[in-house]
Every structure is written in structure tokens, then in C-alpha cells.
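Chemist: Dropping a prediction and its sequence here:
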Number of protein chains: 2
Amino acid sequence: MSRHSGVNRATIKQVARLSGVSIKTVSRVINGAVYVSAQTRRSVTDAINRLNYRPNALARGLVTRRSRSIGLVIADIVNPFFPPFVRSVEDAAAARGYNVILCDTDEDRGRERAAISLLLEKQVDGLILCASRLPAAFLMAVADSGILLVLVNRVLRHPRAAAVVVDAAEGGRRATAHLLDLGHRRVAYLSGPATSFSHIGRLRGYRQALDARGIAFDPEIVAGGAASIVAGGEAAAKLMSLKRPPTAIFAFDDLMAIGAMEDLRRQGRRVPGDVAVVGFDDIDMAAFVAPPLTTVAQPKAEMGRLAAARLLEMIKTSSPPSPRTVTLTPELIIRRSCGWYKEAAT
Amino acid sequence: MSRHSGVNRATIKQVARLSGVSIKTVSRVINGAVYVSAQTRRSVTDAINRLNYRPNALARGLVTRRSRSIGLVIADIVNPFFPPFVRSVEDAAAARGYNVILCDTDEDRGRERAAISLLLEKQVDGLILCASRLPAAFLMAVADSGILLVLVNRVLRHPRAAAVVVDAAEGGRRATAHLLDLGHRRVAYLSGPATSFSHIGRLRGYRQALDARGIAFDPEIVAGGAASIVAGGEAAAKLMSLKRPPTAIFAFDDLMAIGAMEDLRRQGRRVPGDVAVVGFDDIDMAAFVAPPLTTVAQPKAEMGRLAAARLLEMIKTSSPPSPRTVTLTPELIIRRSCGWYKEAAT
DNA sequence: CGCGAGGATGTCAACGTTGTCATACGCGTA
DNA sequence: TACGCGTATGACAACGTTGACATCCTCGCG
């Protein structure tokens, strides 16, 4: 059936001709409008199948001003935090017939700007921005241009923006408090990217927990800067070479925690025997490393589900979100790396 | 500056009016055409910035018949195999100004069909189908409709389809042969999804390696069916309850291998002491589980890069790919779980 | 001084769809 | 008989952009 080699997509016009009705009637059938006789509907449907016709979403979007796709901007899909998040965004979107255009930014402002710009050109109906690094003024301008926004782990006061955040400070507090409860007095913080709102929140929680016990904050035992396994290892190495090394480490995320544990082992230190470690995120890997990692779990799938649901709702009603911000509380998952368990088996 | 609340996107017409030229000239400036005086170009650029104008990709795509986006259909982004793959597809696409629309299918034929259909409506310029489960006839029909296809780990004889595959049988052979070389005579296979081409290839390699040593294939020590941690655990449990349990396990993928190791440990068996384990994929986690997992590495990022590069090339030249199929060879990464290392440190 | 060769710009008709409005046909009711 | 209403359909103009083609300068050269 295929023409010699060229593309051969049927248009609504061809369907109309084949079924002997006007293109408007075909349009009505496609869109399930009322007031189409059963007979007409049948003959149009037949023609559609015979021609293997598919409506052109570009043309449709041009006139309806809806593209039925949303943009999803994240730092890096390779970071294990993101897949469950992305997956649930996608599921929620697909369930309503929406597509997701995914963009990684590597936490680079330039790339993030470029991604947003491209997404806007593509006329996405809305944008989910995960841990955006861009200045608030820029995001305000984006929202001003008419696009709907859902931010994750960041807020923005704009009638077209909503947010889903997990309480980073609370997470930092819980992790640090737990270590303190275990008797540690010198707890280090492996810091994440300086521009990250999550990092700032977790650091604040860490300091609050310290304050609550009257322990002075010591900038010497704060190291790091990038959320990766190798950065975690390097930071841990630096920390342990100190005159007074820490006896416990609270890491910005699980990747850094795993890197730290790796380095500790290489240096012949035992976790949690010599140094206790707590991470953040609860990535899948956390339960399987040795020792299993104690960590603060972010409800990744729930965050994605919520972000997508909120955005889609805003798109549907085109009304400001309410409440503007939904806050989730992270949960401390206690495994072996913090030394809570007696050193039983292996 | 924003109108009361409504959307206010500038169009090419407004830019034209503001800069006092025709829309065609604006179009020329946007597209960097020659034959535009420096002065005109300047005034148009000014107007564009003043209005914060962005070309509408829908309208553009309608007339140029190019959407500058590609569809990427995968099983499940949560499976750690995919993120590096997706990431490199995205990078390659972004580098050429293309967007990626991501769809997860959960290995479900219905969802895969639906995803492809939606992507076609969106007028993507090409499709990357990863480990498609769909009948060849269906894929042929898709390609017939004019779209360009790149398949991953599967081939299709069609002038508009290319493929990137890793030699699954070779991987299966290497993994099994290694175990055999280590002295094992009863090597089990933890099988993946029955409909998966990768599974079929790996199983074939496994049998070939057995054959090469004159060891009879024993269907009793083949178990499994789904590529997940829990499925791996269950299959291992079943295997170990046999009259003559295996002394080594070759798993369809790392997830299953990790699940198997987990279950083995729970039952008090040592890996690799009592049972040797080899996985497939070399996901990030593999190096960090206990013991570190020996596995057959797929060049995930390279596969993504190649798939995207081939597709983009086909889009650019709209000529059949050559060679039609690129085959990559997987590599055996030896870690601790197979018992190759002397049982030195922990 | 006239002419041709570019350079610079504009007009108009697509692209494939939906929204608005008009029209036509019964059929029950005043 | 005339009217109005519910049903079914079509004509035509958008939507925002680019491609094909036309036009009009200006300048150098014979």
C-alpha cells in the first residue's frame, strides 16, 4: 500500500473525500461531537481506518492553542532520585493523554534557560521545573508570558505557579538529631551544590539540630559541593584527614553518602563502627549497599504524581492553584550505616 | 508589563509591525537568512527582544513538516539500565536543537502501541524504540507511514529503519563460560521476560557455552520471567530448593542478580562461597552491592549516543541508514560475586 | 547613459485543523 | 398552514509560520 518511498500520511481532507462528507464533519467524528448521524459516523470511521489517518497534533494545537504536552526539566536523569519522579509524572500525564518532553540541565543555569525557552517554543501547556537554579525574576517573567508552572522543591509567588516541596530542613533536623541521639558529638555535613535550595534547607536543619543540643556549628566539618559519588568520597577523605575528624557524617544525598562509605572502607575505617553515615533521598541503591544506608526518604513518586496532577489541573481549569504550595514531610529510614542496630550478623 | 492575567505571547506579526517590516523579513531574520541588511536585522532583533517573541514551533512545524522532536519509547525509566541510555539520547538530541518526548511502556504491548500512535500524531521526526515487543508487521506498518525508526536490541528490515544492538548471545556466552571456567558444572539461568529479544539472545549464549563444554542443558535450573529484584529473589529461592541446586547463577540482568544475592544471603548462603552469581547490564548499583557484582556490561551511553546520532542523521539526509545495523559487543566485568578473586579482605 | 546582476524586501498561498456562523431538513404544535 | 425547534451538515476564516515568486532598488560596467 505504501507509495514508492515517500511519506504518505493521510489528512482530514482525504478522509472527507473518501467518505463523501465535509472536513468539518470528519472533525466532528474525530472529536466525538454530538449531532453526527450514526451512518455518517460509521462511514467516516471506516475511511479513517482505511487510510490509517491520524490527526495532526501540530495543526490541532495551532488552532486550539493547546499542545497536550508538558515540559519536565530536571537536573539529571542518571541521578537515581529522578527516575521514580519522572516515571510518576509520565504516568499521570499519559493517563490524561498528555506527553512529556524531558530535559536535563546538569544543574547548569544556561542549559536550564535554553531548555525552558525551547519548551516554550514548542507551546507546552505547562512546565514542571525540578529544583530550578534560575533567579526568581526570570521564573516570574516565564510565568508572566502565560505558561503554567509547577516548581518542585522551590516556591514562587505568582498566580500561575504552584509548588510541591518536601521539608528539607525537617529532613536535615531528623537525620542530624538521630546521629546526636546515638551519642555522636562531632557530626559532619557533606554539602550539596551551593546553589541548591534543597542543600540550603538541609544545612539549616542540620544546624538547628546542633543548636537544639547546644553543640556549636563547626564550618571545618562541612565539605563537599557536588551531588555525586566521587564528590562524596573526596569530601569524606578531606574530613577524615582533619586533626579532629568527625565520628558521624550526614550527607546531602545518598550518592555522596555512598561515595563517603566507599572511601571510608578504602581507608580501613568501619561503617558504622568508626564512622556513622546518614544519607538523603532513599534511592533504590541505598538498601543494597554495604552496610545498608540509613537515609531520609523523599517520597519521589508521590512528588511526581502531585506535581503532574497539580499542573494538569491548572491546565484544565486555567485557574490559580490552591493551595499554592503542597509540603511533604520526609521520613527517616533507619538501616545499618548509622549504627543503631547492634552489630549482629555480618 | 503582563496583561491583566491572560496569556500574551507575541507573534511574528506584532514583531513585524513594531519594527516596520513585513512578516517575511522577520522570518528571514529569525532563520538567519542572507540578504537582510544589518540595519533591518538590528531593528527586528530589537523588536523581538522588546516583545520577548518566540517563534511558535507548532506553526513552523506545520509548514516545514519538521517538528524538531523525536520520540523515545522505553520499558521503564526506573530500571537502572535506562537512565544513562536516555541521558545520552537527550544530550545528542539537544546538541542539535531537538527535543525528546519520553514514553514508558512497562513492556506492555498495548501501552507501546498507544505511545507510538500518540507520538506519530505529535509529528515527531523520528522514533527510537527500545526493545520493542511489537510484532514486526506492526513496526513495518509504522515505518511505511513515513516515520524514521531506530530500534535498539532488535532489527527490522525496512528502508526507513536502522538498529543498534548489543550481541546478547555473546554476552550470555561470556558470562556462562566464565562461570564454567571457574569450575562450576551446574550453572542456572535466571530468565528475563519471555517476549524479550535480549532474553532470548542471552539464553542462547548460555546454552552455547554449555554445549561447548559438553554440559547438557537442564531446563530445571532455568527460572524467572520478570526483570526485577523481587523476581530474581523468588527465582533464586525456587532454584535453591531443588534436589540438586545450582552452584552458580547467571542472571538475565543485574536487578535479578541482586535479588538473587539478597535471597541467598537471607538463606544463609554465601556469595560467591556457596553460590557464584553473574548479572547483566552493569548498572551503577552493581559495583556497590555486597559483594560487588560480576556482570556483563552493556555500553548504555554509547548505545544511546549511537541511536540518536543515527536517527538524527537519517532525519537530516532522509536517506536509508548505512549500515542498517550497528552491533556492539558487551564486556564481562569481573568483580567479587563470581568468586574469581581469592577471598581476601571482607 | 543604459543595462544587468545582485541585494533587499514584500505579497500571497499554502500547511491541517477547529470555531463561527449559516443552512437545510424533518416534525410536532399552535 | 405556518412556526419553531432539534438534528445534521457545510462554507469559510482563522491559527502563526514559511516557500515560491515578484518587485524594486543600487551599483558597476560597457
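Modeler: Cool, got the structure. Numbers count the residues shown, from 1 in each chain, chains lettered A, B, ... in the order given.

Chemist: Could I get the pLDDT score of the closest residue to chain B within the stretch 51-200 of chain A?
Modeler: Closest residue of the stretch 51-200 of chain A to chain B, C-beta to the nearest C-beta: A:Gly146 (3.0 Å). Where you see a C-beta, it was placed from the backbone N, CA and C, and this is true even at glycine. Here, the pLDDT recorded for A:Gly146 equals 91.

Chemist: tell me which element A:Arg310 falls in.
Modeler: Using DSSP states H and E, A:Arg310 maps to helix A:300-317.

Chemist: what helices or strands is that helix leaning on?
Modeler: The elements that helix A:300-317 packs onto, with contact taken as 3 or more C-beta pairs under 8 Å, 6 or more residues apart in numbering or on different chains; DSSP states H and E, are strand A:69-74, helix A:82-95, strand A:126-130, strand A:148-152, strand A:161-166, strand A:325-328.

Chemist: Including distance to B:Arg305 and mean neighbour count, could those go into a markdown table?
Modeler: Converted to a markdown table, these look like this (distance: least, C-beta to C-beta, whole Å; neighbours: other C-beta atoms under 10 Å in any protein chain shown):
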| stretch | distance to B:Arg305 | mean neighbour count |
| --- | --- | --- |
| strand A:69-74 | 20 | 26 |
| helix A:82-95 | 20 | 22 |
| strand A:126-130 | 24 | 26 |
| strand A:148-152 | 28 | 25 |
| strand A:161-166 | 33 | 24 |
| strand A:325-328 | 36 | 16 |
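
Chemist: Minimum distance to B:Ala216: which of these has it?
Modeler: Smallest distance to B:Ala216 across those (C-beta to C-beta): 40.8 Å, for helix A:82-95.

Chemist: how far off strand A:69-74 does the next helix or strand after the closest one point, in degrees?
Modeler: Downstream of helix A:82-95, the first helix or strand assigned by DSSP H and E is strand A:99-104. Inter-element angle recorded for strand A:99-104 and strand A:69-74: 20 degrees (by axes from the mean of the first three to the mean of the last three C-alpha atoms, to 10 degrees).

Chemist: returning to what we had before: now the helix holding A:Arg310: how far from the chain's centre is it?
Modeler: With C-alpha atoms, centre = their mean, to the nearest Å as the basis, helix A:300-317 stands 12 Å off its chain's centre.

Chemist: Specify the angle between it and helix A:82-95 in degrees.
Modeler: Helix A:300-317 and helix A:82-95 are oriented at 30 degrees to each other (the same axes, to 10 degrees).

Chemist: Which positions within helix A:300-317 qualify as buried?
Modeler: The neighbour-count check on helix A:300-317 (16 or more other C-beta atoms under 10 Å in any protein chain shown) flags A:300-315 as buried.

Chemist: and what of stretch A:230-245?
Modeler: Residues of stretch A:230-245 classed as buried: A:Ala231, A:Gly232, A:Gly233, A:Glu234, A:Ala235, A:Ala236, A:Ala237, A:Lys238, A:Leu239, A:Met240, A:Pro245 (neighbour count, 16+ other C-beta under 10 Å).

Chemist: The last one falls within a strand, correct?
Modeler: It stands for A:Pro245. No. With DSSP: H, G, I helix; E, B strand; the rest coil as the criterion, A:Pro245 is located in coil rather than a strand.

Chemist: Please tell me the pLDDT value assigned to it.
Modeler: The score at A:Pro245 is 96. That number is its pLDDT.

Chemist: can you check the fifth one too?
Modeler: Among the per-residue scores, A:Ala235 holds a pLDDT of 97.

Chemist: Specify the local secondary structure of it.
Modeler: Criterion first, three-state DSSP; result for A:Ala235: helix.

Chemist: a markdown table please, covering the helices and strands packed on helix A:300-317 and showing distance to A:Val44.
Modeler: What follows is those, written out as a markdown table (distance: least, C-beta to C-beta, whole Å):
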| stretch | distance to A:Val44 |
| --- | --- |
| strand A:69-74 | 27 |
| helix A:82-95 | 27 |
| strand A:126-130 | 32 |
| strand A:148-152 | 34 |
| strand A:161-166 | 40 |
| strand A:325-328 | 44 |
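
Chemist: nearest to DNA strand D, of the ones you listed?
Modeler: Comparing the helices and strands packed on helix A:300-317 against DNA strand D with C-beta to the nearest atom of the strand, the closest turns out to be strand A:69-74 (16.7 Å).

Chemist: tell me the angle of the closest one relative to strand A:148-152?
Modeler: 30 degrees.

Chemist: partners of strand A:69-74, with directions?
Modeler: strand A:99-104 (parallel), strand A:126-130 (parallel) (DSSP bridges).

Chemist: Just send those back as JSON lines, with mean pLDDT and distance to B:His184 too.
Modeler: Output for the strands paired with strand A:69-74, formatted as JSON lines (pLDDT from 0 to 100; distance: least, C-beta to C-beta, whole Å):
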{"stretch": "strand A:99-104", "mean pLDDT": "98", "distance to B:His184": "42"}
{"stretch": "strand A:126-130", "mean pLDDT": "97", "distance to B:His184": "46"}
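
Chemist: Which one, of those, ends up nearest to B:Arg269?
Modeler: Closest among the strands paired with strand A:69-74, using C-beta to C-beta: strand A:99-104, at 40.8 Å.

Chemist: tell me how far that closest one is from the chain's mean position?
Modeler: 11 Å.

Chemist: Let's see the helix or strand that it is followed by as PDB, backbone CA atoms only.
Modeler: Remark: after strand A:99-104, the chain's next helix or strand is helix A:109-121, criterion DSSP H and E. Output in PDB follows, covering the C-alpha atoms of helix A:109-121 (Å, rounded to 0.1, in the frame of the first residue of the first chain):
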ATOM      1  CA  ARG A 109      21.700  27.800  34.500                       C
ATOM      2  CA  GLY A 110      22.400  28.200  30.900                       C
ATOM      3  CA  ARG A 111      21.100  24.900  29.900                       C
ATOM      4  CA  GLU A 112      18.100  25.300  32.100                       C
ATOM      5  CA  ARG A 113      17.300  28.600  30.400                       C
ATOM      6  CA  ALA A 114      17.800  27.100  27.000                       C
ATOM      7  CA  ALA A 115      15.600  24.200  27.800                       C
ATOM      8  CA  ILE A 116      12.700  26.400  29.100                       C
ATOM      9  CA  SER A 117      13.000  28.500  26.000                       C
ATOM     10  CA  LEU A 118      12.800  25.600  23.700                       C
ATOM     11  CA  LEU A 119       9.900  24.100  25.600                       C
ATOM     12  CA  LEU A 120       8.000  27.400  25.400                       C
ATOM     13  CA  GLU A 121       8.500  27.500  21.600                       C
END
